[in-house]
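[1] next one to model:
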Amino acid sequence: MTFEALVQNHSADLIERLLTEILGESHVEIRFDYQDQDQWAAISMHQYEEDKEISIRLHPNNQYHLVFGYYDDEDEFFEIIKPLSAEEVESIPEKLRILMQKVVTDEKGIRFAASLISK
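    Here you go, the predicted structure:
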């Protein structure tokens with residue numbers, strides 16, 4: 001299966017895997033990032049041994065994207081970006097969505113105890 005097919009056909013599984021991973025840690029980090037005129041809040045997990053990254057980005061216009069980044073055999077980095085459906089957005093815990101919105105609004109990343117999300 002290609003990475004494109006994985007993202008398009010199994011995005012819910014990737015989202016669940018990402019959320020399970022980051023919420024299973026002691027702390028969660030939401031980064032603020034930008035490129036040109038675009039900016040976003042992001043939660044991410046890295047699979048260093050496989051040179052892959054899975055992220056959820058929230059943009060100021062309240063659009064969420066699943067981002068699957070990977071390096072090819074020539075060490076060139078690629079990103080596959082898929083807008084999340086309303087159902088996929090709802091699978092993100094509400095407290096996490098609120099904190100991601102705060103990061104976008106404040107243009108500043110945050111780090112907090114993962115237990116805050118499950119309470």
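[2] can you pull out the strands in this protein?
    Per DSSP state E, the chain carries strands over the ranges 27-35, 38-47, 52-58, 64-71, 77-83, 110-113.
[3] distance to R17 and mean neighbour count added to the ones you listed, as CSV?
    (Each C-beta comes from the backbone N, C-alpha and C, glycine too.) Compiled in CSV, those are given as follows (distance: least, C-beta to C-beta, whole Å; neighbours: other C-beta atoms under 10 Å):
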stretch, distance to R17, mean neighbour count
strand 27-35, 15, 15
strand 38-47, 8, 18
strand 52-58, 7, 21
strand 64-71, 11, 18
strand 77-83, 15, 13
strand 110-113, 21, 12
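[4] list the helices and strands the helix or strand bottoming out on mean pLDDT in the chain packs on?
    Using mean pLDDT, DSSP states H and E, the weakest-scoring helix or strand in the chain turns out to be helix 115-118, at a mean of 85. If you count contacts as 3 or more C-beta pairs under 8 Å, 6 or more residues apart in numbering; DSSP states H and E, helix 115-118 packs onto helix 94-106.
[5] how about the helix it packs on: buried residues?
    Within helix 94-106, the residues that count as buried by 16 or more other C-beta atoms under 10 Å are L96, R97, L99, M100, V103, V104.
[6] of all the strands of the chain, which one is nearest L6?
    Among those, the nearest to L6 by C-beta to C-beta is strand 64-71 (7.1 Å).
[7] got the CA positions of that closest one in CSV?
    Output of strand 64-71 as CSV, limited to C-alpha atoms (Å, rounded to 0.1, in the frame of the first residue of the first chain):
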residue,chain,number,x,y,z
TYR,A,64,-7.9,20.4,10.7
HIS,A,65,-5.5,18.4,8.5
LEU,A,66,-3.8,15.0,8.9
VAL,A,67,-0.2,15.3,7.8
PHE,A,68,1.9,12.2,7.0
GLY,A,69,5.5,13.1,6.4
TYR,A,70,8.2,10.8,5.2
TYR,A,71,11.7,10.6,3.7
